[in-house]
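Colleague: Sequence first, then the predicted structure, then my questions.
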Amino acid sequence: MDLCKTIFREYDIRGVYPEQLNEEVSYLIGRAFATKLISLNKNKMIVGYDNRLSSASLEKNLVRGLNDGGVSVVRLGLVTTPMYYYAWDRLDIRCGIMVTASHNPKEYNGFKMSYNGIHNIFGKDVKDLYYIILNGIFSEGNGTTEDFDIKKDYIRMINSHINMGTNKLKVVYDCGNGTTSIVAKEIFKSTDTIEYIPLFAESDGNFPNHHPDPAVEENLLELKTKVRELKADCGIAFDGDGDRIGVVDEKGKYIAADEYMIVIWRDIYNKVDNKQGFFDVKCSKKLEDELVKLGIEPICVRTGNSYTKKISYDNNYPFGGELSGHVYFRDRFIGIDDGIYAGLRFMEILSKKQNKASELLNGVGKYLSTPEEKIEVDEEKKDYIVSGVEEYCKSRGYKYLNIDGVKVLYDDGFALVRKSNTGPHLTTRYEAKNIKELNKRKEEFNNLINKLKEE
């Protein structure tokens, strides 16, 4: 069997089904994970899977591999990733695997894995599984399986952390036919002050209406249209496995995740003791500016769900997140990244204020930003190109961060070049106060990248 090394990525396992990731590979990953788990003196874990067409079959063979490695499994069945995370607490089993490829196209699948029930593994821990399989030295045993339905407990937990005001609201929610379709309606129906209108809320792993990635604005076209058509107060959208949020205001205008974070911080800054907030390198400088205005120390961190979840936990930050839509509430929530909960917190603010959604960002500084753009690059060239960009910045005397690629810091924005950890490409993003400077930065660094690609 040819084992594809590139599916063992920086913070998860992810590949195309069945060419790169199939039932046989899933079984071997189960054997390898069991081997590592047994070495950590653990022999029981949780497994869940999302609604992708290949997920149930991959989960079945994953569990078989785990059992053959001597690990017993509590099977949650079809769940969102936040439901799986909550099960760590509910069952007090601090390790597990979620079968999901998150926001990737439908032909992908993958595994989010944890040894500690706090954050997902990344870096060397992911690569170790590849080498365990290559060496074929597996633990042996006869693990058992049992089923557990987390749904009712999860719904109760979510609603216990929300306190809606008295304003009557109309909200359109877009599941994108992803896994939130199995639970969103039951959560939302319990709030009688809000009229909820579902969009693409039927579970369908073909994702027939649009790609379930709310961080890409073009995926929200139908949501924007429906919000304007129904004169709704806002619209919210979720990704394929439910751990990320997207928002549009009453005018159908996209509220990016860094702007969403500004809205939340304006609501909680005087209610929290820890006056620090974190965000990933892709976020706009407008977020940093607003945090400073509020007396919150801005903490810039590297991108990646595994990293940001760990950072959130280790430092007990009251709130923070990524431009991709992963956000973490610890002010009065359990700290998991949950798209539905994040949507409810936005609605909670609207339900208690007289402001419209579009007015919640009044007074925020104006910056021009490019969307996150992908440049195709061979996997083996990514490190070389990013290193070349850093050397260039040193030679020009630019101020920059290198915690995740290279982020050049200007008084009026930034230039960001980093390697993707989920595909064969680099990602770039540029920001400035005016279009001339924005285009200048984009041209400078895109030309540099193209030059380095050719070397």
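Modeller: Noted; the coordinates are in hand. Being a predicted model, the structure only gives us computed values, none of them experimental.
Colleague: going forward, measure contacts between C-alpha atoms and count neighbours the same way
Modeller: Noted.
Colleague: Just the helices from this structure, written as ranges.
Modeller: 23-39, 55-68, 81-91, 124-135, 151-160, 184-188, 221-230, 257-268, 285-293, 305-315, 339-352, 382-396, 435-454 (DSSP state H).
Colleague: mind putting those in TSV, mean pLDDT included?
Modeller: Formatted as TSV, the helices of the chain follow (pLDDT from 0 to 100):
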stretch	mean pLDDT
helix 23-39	98
helix 55-68	98
helix 81-91	98
helix 124-135	97
helix 151-160	97
helix 184-188	95
helix 221-230	98
helix 257-268	98
helix 285-293	98
helix 305-315	96
helix 339-352	98
helix 382-396	97
helix 435-454	97
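Colleague: Take the ones you listed and lay them out in a markdown table including mean neighbour count and distance to residue 212.
Modeller: Shown next, in a markdown table, are those (neighbours: other Cα atoms under 10 Å; distance: least, Cα to Cα, whole Å):
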| stretch | mean neighbour count | distance to residue 212 |
| --- | --- | --- |
| helix 23-39 | 23 | 24 |
| helix 55-68 | 23 | 16 |
| helix 81-91 | 21 | 14 |
| helix 124-135 | 17 | 25 |
| helix 151-160 | 15 | 22 |
| helix 184-188 | 16 | 15 |
| helix 221-230 | 18 | 12 |
| helix 257-268 | 21 | 16 |
| helix 285-293 | 19 | 25 |
| helix 305-315 | 18 | 17 |
| helix 339-352 | 21 | 12 |
| helix 382-396 | 16 | 27 |
| helix 435-454 | 15 | 28 |
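Colleague: Including distance to residue 406, could those go into JSON lines?
Modeller: Below are these laid out as JSON lines (distance: least, Cα to Cα, whole Å):
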{"stretch": "helix 23-39", "distance to residue 406": "33"}
{"stretch": "helix 55-68", "distance to residue 406": "36"}
{"stretch": "helix 81-91", "distance to residue 406": "30"}
{"stretch": "helix 124-135", "distance to residue 406": "22"}
{"stretch": "helix 151-160", "distance to residue 406": "38"}
{"stretch": "helix 184-188", "distance to residue 406": "39"}
{"stretch": "helix 221-230", "distance to residue 406": "32"}
{"stretch": "helix 257-268", "distance to residue 406": "19"}
{"stretch": "helix 285-293", "distance to residue 406": "15"}
{"stretch": "helix 305-315", "distance to residue 406": "17"}
{"stretch": "helix 339-352", "distance to residue 406": "29"}
{"stretch": "helix 382-396", "distance to residue 406": "6"}
{"stretch": "helix 435-454", "distance to residue 406": "11"}
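Colleague: Quick check: the residue nearest in space to the middle of the chain vs residue 133, distance?
Modeller: Centrality entry for the chain: nearest residue to the mean C-alpha point is residue 326, 4.1 Å, by Cα atoms, centre = their mean. From residue 326 across to residue 133, the span is 31 Å (Cα to Cα, to the nearest Å).
Colleague: repeat for residue 330
Modeller: Distance of residue 330 to residue 133, computed by Cα to Cα: 37 Å.
Colleague: repeat for residue 257
Modeller: Residue 257 is 38 Å from residue 133, by Cα to Cα.
Colleague: related to what we said a few turns ago, closest to residue 275 out of the helices of the chain?
Modeller: In terms of Cα to Cα, the element of those nearest to residue 275 is helix 285-293, at 9.4 Å.
Colleague: could you say what helices and strands that closest one packs with?
Modeller: Here helix 285-293 touches helix 257-268, strand 297-301, going by 3 or more Cα pairs under 8 Å, 6 or more residues apart in numbering; DSSP states H and E.
Colleague: still on that earlier bit, so the residue nearest to the centre of the chain sits against residue 337, correct?
Modeller: Yes. Counting by Cα atoms under 8 Å, residue 326 touches residue 337, with 5.6 Å between them.
Colleague: Overlap of the contact sets of the two?
Modeller: Counting by Cα atoms under 8 Å, 6 or more residues apart in numbering, the shared contacts of residue 326 and residue 337 are 243-244.
Colleague: sorry, back to before: who are the neighbours in contact with the residue nearest to the centre of the chain?
Modeller: Listed by Cα under 8 Å, 6+ apart, the contact set of residue 326 reads 243-245, 305, 337-339.
Colleague: mind redoing it with 7 Å?
Modeller: Each residue near residue 326 by Cα atoms under 7 Å, 6 or more residues apart in numbering is listed here: 243-245, 337.
Colleague: Likewise for residue 275?
Modeller: Residue 275 makes contact with 296-297, according to Cα under 7 Å, 6+ apart.
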